[in-house]
Each structure stands twice: as structure tokens, then as C-alpha cells.
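Asker: 3D, please:
(2 chains)
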Amino acid sequence: MAAREEIAIQADQVSRHYTMGTTQVRAVDEVTLAAHAGEILAILGASGSGKSTLLNLMAGLDRPTSGAIVAQGKNLAGMSSRELARHRSSTVGMVFQSFQLLPRMTLEENVELPLRLAEVERGERNERVREALERVRLSARLTHRPPELSGGEQQRAALARALVNRPTILLADEPTGNLDSVTGEEIMNLLREINETLGMTIVIVTHERPMAERFAHRLAIMGDGKLLSDGRSQ
Amino acid sequence: MKVRDMTELAVRNLREAMLRNSLTTMGVAVGVASLVAMLSLGVGLQELASKRLSRSGLFDAVLVTTQGNFREFGRSRPRTAPSGDPRVLDDSARSDLAHLPGVTEVYPDVRFATEVRYQGTPYATMVAGVPASALASGAFDGMQGRFFSGADADEAILQIEFAREITPQTETLVGKELELRYAERQALPPEPADGGLGSPASTKTQKPGAASGRHAGSEPVAAAPGDDANGLGGGFSIVPRQKILRIVGVVDSEPAAGFGGIARGRVFIPLQVGEALRATQANDLRDALRGRSGKPSYLSLTVRVDGPSKVKGVEEAIKQMGFATFSLLDATKNIRLVFAVFDVLLGIFGSLALVVSSLGIINTLVMAILDRRREIGVLKALGAADGDIQKLFFVEAGAMGFLGGVLGVVFGWLIGRALTFALNVYLHKQELPGIEVSSVPWWLAGGAIAFAVVVSLIAGMYPASRAAKLNPVEALRYE
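Answerer: Modelled structure (predicted):
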């Protein structure tokens, strides 16, 4: 789907600094970057470049040292802990490199978890879980537990879990990092399919430039916490 | 998160670390069991003592005498005491006492030393009149035979030691006849006043069964204070009598009903029968000296009240009537205080085990945070607020407390039963009646479970707060 001019989420002069011992680490340093509604934005960079930290700030898992993260007209930096939790629950969905499924729960229970946290009515939950698992083609594996699935299947299940609350933005942190190239490509195809059918904004953090170039609408490049390119010039 | 979802997740988490959580729950259960066992003993002993004491008739009874009889108890004479001669404790006073609100029964102390004959063999003994209400005291529970068939039945119950004097096979006495010999008091007509103390008491004897003279007091006599101020009553004669009684029971314990009452009696007869005998008693000589032998009075009357709470009011009313009273009201307060202190001490010792078990809960939940660090991170990433994580740990702590509490109450109850069983086996060997030393009333069971939950929640506060503050980014990175 072609990106619209409307901004889905924006980092404005965002910095995230840590103190490690006596050294101050500038993990993200005055980055300004916007993801437009309906686009797939890939953030590229070497390990330690600050791309995952920026994604966590966009997810509301972390708070910036300075600057603003604006999603749906609201600045996450000024939100309370409960408001940030609501942002993570309803505005964004997250996918991680190591899937982060709860191993003792079945796929159905894993996917249902965000619905429990969002206090969705029980009657509605089953239908939404089945719909999400159908979208990632895992309807037949409802009662399986994560260790019984392949890496690709686990990442698809994680994707279903991220989609089940119908967020407007999907944030994916190295979604193919733990997968072989064929499976990684399957996941990227699935992400593109979701973007096209649902019009969802997707921000992918990856270090695999060729794959990013094939699937993303725009590439932003980070190095040493700074935004080196926001892709507009490409 | 909704309470139901929270509870489901908590139960799932508890099930997943089954062994560790079971051991922690058992720790709580042992703590609660110790608390419940201790307090159940306290409650049981208190109930046992209260039941025995209240059934003894000591705590719902007021002993009434004419004024001046209780100086030895260290009580001052009531302010309302009228001047002049104290009011006589006679039938009129007895009737007045019976009509006081809250009074259920008024009866005199009928007790006299005399001789009984069983199959021609004489035995010296003490005969006591037993009010019908004494049956409720429990003193006649488990007796051989039965209680009196009626208030005016010519029946006798023997105290076992006296029964053994007659025959070692005490059970064979039930249904047999006993001849009671006694001295009946008969009033003589008053003699003219001579300004002295009054006529000396005279006696005459008759052969058993020959007496048929008029009984003093066989017609109602209204005696009022000062009634004898200028006239002196006549003397009385003592007439030997006999009465055939049927032995209906043999009782193990020494029954008591009120103060002194029938205690020390060896042959018990219905009080009404005892009164009708008009057997000579200790106060008859005093009455004769005071010139009241024509108008019999009582040495004391026992007033039974409808519950210990009404004793104070009735006692006051009786004092207003001009009599002296004695009750064990103050003693009951002290007994309650002693048991309250006893219960608190037992509770403190019992609670120590629960406090120790709460450390187990803290340890288990802190370990759970380490185990479930990633899971907490995932929950936060999926939209759980800090408060949700905190509540989840609270529910888990509360669930362990609740389960431990329920199990603990059951264990505590079982310990109490075991103690009662063991004690009763011992008592049985000593040929003593069985008792209940432990009691787990509903308030104790409910209170112990609630206490376990509260202690568990307090124990869960620190781990829950630590889990809630966990940084989700670091938690997700944790391997």
C-alpha cells in the first residue's frame, strides 16, 4: 500500500542516554524520524547503532531522556505509566527477534493474552484469536505450544499476537534475525501482505539491508545513535 | 485486567511451579494449623469451663440471707438496710423474690443429717433436696438409672460412694426401697409473753409413724419484719418420722446447684418432697430462740436468674427488699479476663509460625520474579500496566494464603481432635468422664483464613512491587 502523507508515529529530537559506570552512553541522540500512515519503514544500522532503542521508545517501553515521541497526536514522553500501557495495548503491536511467546501457553492462549490485558469481552475473544491465527496461516496449530513449532511458525504466531488487538502501527524488532533466509522471506512477505490488506504502518528494525530494500517503502539508517539518513533522499 | 482473567493467570502461574508453590502453601498451612490448634484449645477450654460453671448454677444464682449473715465475706451492709430487726426470710419473702423480674426459681437449702435403712440395716447420712432444674446442670448425666419422675415423687438418688457403702454392685440398688427416718418439726402453740426471751423450745418424742400433729406452717403464714416485736412465738416439738422412698438412680459426681446447695448430700430427694418433710434443720433452734418457731423461716434461699447478665439487677432488687445477697458475678468477670489473656498469648505463639511461613511466601515470589522476568517483560510489552503486574503477584500471594489457610484450619482442627481423643483415652483409663478440650467455631476458622490471606498479602507486597517496577526492555532482553 502506498504511504499517505499523514504521520502515524514521529520521533522529534529524541535522545536516550544511559549512564554506565562513569561513562554516559548516547544510545539515541537527537533523532527526528516519522513513519507515515500505511508505509513500511525499515530502520537499518549496525549492532549498537541505537535502532532497537528508538523502536522501544516508539513502543512506549522506554522513555526518552529528551525530545518527543508523538503517536496519534499524543506525546508518549508526557504519558503516565498506565497511559503508556494503553498505548502498547491498543496503538502498537510488537514483534521481537526471539518471538517472546510464553512457552507454557498454547498458541491460542498466547494470542489471547493481549485481549485479556485490553479487557476485551470473552465472547469476542475466540473469534479474534481465530481471525488473527488465520491471517498468519496457523489455524491448525491452535492447541500447540511454542516449543512444538518451527521458528517461522513461532514468529507467525507472534505476529498474530501483535495483530489481535488491531493496532494501527506494527513495530518489528529484527523479525527475521533468528530465521533462515527462506523463512525470513516468508515473514517479510507476510508483513507486506498485512500492510497491503490492513493498511497498517510497519516499522521494521533490521540489519539485513537487501531484504529491507526489497520489502520496505523507505529506509532510515542509524549509526552511533544518530540518524544518518531518513530515506527521503533515496 | 479483569479479576477473572487475573485469577486465571495467577492460578496458571501457581500450577506451573507446582512443587515450589505447594511447599510454600504447606508452610502457610502449618502456620495456620499451629494458630488454629492453639486457639481451639483456648476456646475449647473456655467453653468447657463456662459450660461447667454455668451449668453448676453458680453464675446465674443469688444466695439470699437475712442481713448480717455475710459479714465474713467482707461486704459492707447495704445502704438501704432498714433499721431495727432485719426482715425475716420466710414464705412471704420467698414469694416476693419469686415475683422479681428475671427470677426463674427460688428454693431453700433443704439438707439434714439423718438415718436411712436399707433392708433393715441403718446408715447415717446426709439427705439433700434437689430442685428439678438441677437436671440441666449435667451433674446427673451418665448416671445409673434415671432422674426423679416428678417434683413430688417419693424417690431417691444415691451418691455412688454412699451406694457403695450399701453394696459394691451399685446398679442392683436401682428400683429398691429405702427407708428414710427423720425428725419432723411441729410447732407448739405460743405461750403468753413474760418479757423474757420467749418460751424455751420443748420436745417430745413419738414412735415412728405415730405422729399426726398439726404441722407448723401448713397454713400460709405472712411474716413481716417486726412481726414478733412484742409477741413471742411458741416452741416446737420434734416428731420422729419415716418415709419409704424408691431408689431410682445412682450418680457418680457430687451434684451442685447453687452455693453449697445439695453438695455434700449423699441421698438426694426431690426438693418439694424434702420441703414437705419439715425435717428439723439447723436454723430451727435459732428460730426458737428468737421466738419465731411458729413462723418458719429459711436460713437462706437460692434465687435462680434467667442468665448471668441479669444477676446484678436481681441482686440490687433483693438488697432493696432488705436482704443480704451473694453472687459470683465478679468472679465470672475475672474468669473471662483470664481466658482473654490466655487466648491472646496462645494467639501470639500460634501466629509466630504463620509469620515464619510468610517469609516463605516472600522467598517464593521473589524467586518467581527471577523465573518469570521475561514473562513480565512480555506482559508489559503487550499492554500490562505496572498495577496489573502488581495485582497478579498479589493474587498469587493471596491464593497461596487462602489455600494455606483452608488447609491450616483443617490441620488445626485435626490436631485438636487428636488431642481430645488422646486426652479422652487417658481420662477413660482413669475412669473419668470424657471432655472436649478443643473447639473450632466458625469465627475462628474464618478469622484464621482471613488472617492467612492478610499475612500473605503483606508478604506479597515487596515482591509485587519489585515485579511491577521491572524495566520491560531489560526484562525482554533477559535470557
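
Asker: in the chain, which spans are helices?
Answerer: Since you didn't name a chain, this refers to chain A. For chain A, the helices defined by DSSP state H occupy A:51-59, A:81-86, A:107-117, A:122-135, A:151-163, A:181-198, A:209-215.

Asker: let's do chain B instead
Answerer: Assigned by DSSP H, chain B shows helices spanning B:3-16, B:18-55, B:91-98, B:160-166, B:271-277, B:283-289, B:311-320, B:329-371, B:373-381, B:386-429, B:442-468, B:472-477.

Asker: what bits of chain A have low per-residue confidence?
Answerer: Scanning chain A for pLDDT under 70 picks out A:1-4, A:232-234.

Asker: which residues sit in contact with the closest residue to chain B within it?
Answerer: Residue nearest to chain B within chain A: residue A:89 (2.5 Å; C-beta to the nearest C-beta). For the C-beta atoms, the positions are set from N, CA and C on the backbone; glycine is no exception. Counting by C-beta atoms under 8 Å, 6 or more residues apart in numbering or on different chains, residue A:89 touches A:114, A:117, A:118, A:165, B:382, B:383.

Asker: which bits of chain B sit near chain A?
Answerer: B:1-2, B:5, B:9, B:12, B:16, B:374-375, B:377-388, B:471-473, B:476 (C-beta under 8 Å from any C-beta of the partner chain).

Asker: List the neighbouring strands of the longest strand along chain B plus their orientation.
Answerer: The longest strand of chain B (DSSP state E) is strand B:236-251. Applying DSSP bridges to the sheet, strand B:236-251 is found paired with strand B:144-145 (antiparallel), strand B:155-159 (parallel), strand B:177-187 (antiparallel).

Asker: tell me the most buried of those strands?
Answerer: strand B:155-159 (a mean of 25; mean count of other C-beta atoms under 10 Å in any protein chain shown).

Asker: hang on, the earlier thing: least reliable of the helices of chain B going by mean pLDDT?
Answerer: Lowest mean pLDDT within the helices of chain B: helix B:283-289, a mean of 66.

Asker: Of all residues in chain B, which one is closest to chain A?
Answerer: For chain B, C-beta to the nearest C-beta, closest residue to chain A: residue B:383, 2.5 Å.

Asker: Hmm, residue A:93 and that residue touching each other?
Answerer: No - counting by C-beta atoms under 8 Å, residue B:383 sits too far from residue A:93 to count as a contact (9.7 Å).

Asker: Residue B:88 and residue B:25, how far apart?
Answerer: From residue B:88 across to residue B:25, the span is 72 Å (C-beta to C-beta, to the nearest Å).

Asker: who's more crowded, the two?
Answerer: residue B:25 (27 against 24; other C-beta atoms under 10 Å in any protein chain shown).

Asker: hmm, back to that, now the contacts of residue A:89 as CSV including neighbour count?
Answerer: Compiled in CSV, these are given as follows (neighbours: other C-beta atoms under 10 Å in any protein chain shown):
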residue, neighbour count
A:114, 28
A:117, 25
A:118, 19
A:165, 21
B:382, 25
B:383, 29
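
Asker: just these now: which is nearest residue B:430?
Answerer: In terms of C-beta to C-beta, no member of those lies closer to residue B:430 than residue A:117, at 66.3 Å.

Asker: tell me the contacts of that closest one?
Answerer: By C-beta under 8 Å, 6+ apart, the neighbours of residue A:117 are A:89, B:1, B:379, B:382, B:383, B:384, B:388.

Asker: need the contact list for the residue of chain B closest to chain A.
Answerer: A:85, A:86, A:88, A:89, A:90, A:114, A:117, A:118, A:165.

Asker: returning to that earlier point: quick one: buried residues of the longest strand of chain B?
Answerer: Neighbour counts over strand B:236-251 (16 or more other C-beta atoms under 10 Å in any protein chain shown) mark B:236, B:237, B:238, B:239, B:241, B:243, B:245, B:247, B:248, B:249, B:250, B:251 as buried.

Asker: Next, the contact list for the residue nearest to residue A:163 when sequence neighbours are not counted, please.
Answerer: Leaving out its chain neighbours, the residue that sits closest to residue A:163 by C-beta to C-beta, 6 or more residues apart in numbering or on different chains is residue A:132, at 5.1 Å. Residue A:132 makes contacts with A:111, A:160, A:161, A:163, A:164, as judged by C-beta under 8 Å, 6+ apart.

Asker: And for residue B:60?
Answerer: Contacts of residue B:60 were listed using C-beta under 8 Å, 6+ apart, and they are B:54, B:304, B:305, B:306, B:307, B:308, B:310, B:311.

Asker: Tell me which of those residues fall in strands.
Answerer: B:304, B:305.

Asker: circling back: which residues do residue B:383 and residue A:93 both contact?
Answerer: A:114, A:165.

Asker: picking that back up, just the closest of the contacts of residue B:383 to residue A:37, please.
Answerer: residue A:90 (16.2 Å).

Asker: The closest one contacts residue A:118, doesn't it?
Answerer: Yes - look at residue A:90 against residue A:118 with C-beta under 8 Å: they come within range, at 6.4 Å.

Asker: need the residues of chain A near chain B, please.
Answerer: So chain A meets chain B at A:56, A:59, A:61-62, A:81-82, A:85-86, A:88-90, A:94, A:96, A:100, A:102, A:104-105, A:113-114, A:116-119, A:161, A:165 (C-beta under 8 Å from any C-beta).

Asker: how is chain B carved up into domains?
Answerer: B:3-54+B:334-477, B:110-297 (automatic domain parsing).

Asker: In JSON lines: the contacts of residue A:89, plus distance to residue B:339.
Answerer: Output for these, formatted as JSON lines (distance: C-beta to C-beta, whole Å):
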{"residue": "A:114", "distance to residue B:339": "57"}
{"residue": "A:117", "distance to residue B:339": "52"}
{"residue": "A:118", "distance to residue B:339": "55"}
{"residue": "A:165", "distance to residue B:339": "60"}
{"residue": "B:382", "distance to residue B:339": "56"}
{"residue": "B:383", "distance to residue B:339": "55"}
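
Asker: Excluding chain neighbours, what is closest to residue B:46?
Answerer: Nearest one to residue B:46, counting by C-beta to C-beta, 6+ apart, is residue B:339 at 4.4 Å.

Asker: any idea how far that neighbour is from residue B:104?
Answerer: Separation of residue B:339 from residue B:104 (C-beta to C-beta): 26 Å.

Asker: The two: who's more crowded?
Answerer: residue B:339 (17 against 13).

Asker: Wait, the more buried one touches residue B:49, no?
Answerer: Yes - with contact defined as C-beta under 8 Å, residue B:339 counts as touching residue B:49 (7.5 Å).

Asker: Skipping adjacent residues, who's closest to residue A:188 in space?
Answerer: Distance criterion C-beta to C-beta, 6+ apart; nearest residue to residue A:188, sequence neighbours excluded, is residue A:215 at 4.6 Å.

Asker: With mean pLDDT added, can I get the strands paired with strand B:236-251 in CSV?
Answerer: Formatted as CSV, the strands paired with strand B:236-251 follow (pLDDT from 0 to 100):
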stretch, mean pLDDT
strand B:144-145, 83
strand B:155-159, 88
strand B:177-187, 83
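
Asker: what would those look like in TSV with distance to residue A:145?
Answerer: Listed next are the strands paired with strand B:236-251 as TSV, based on distance: least, C-beta to C-beta, whole Å:
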stretch	distance to residue A:145
strand B:144-145	73
strand B:155-159	78
strand B:177-187	88
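
Asker: Please identify which of those is closest to residue B:427.
Answerer: Of all these, it is strand B:144-145 that lies closest to residue B:427, at 19.1 Å by C-beta to C-beta.
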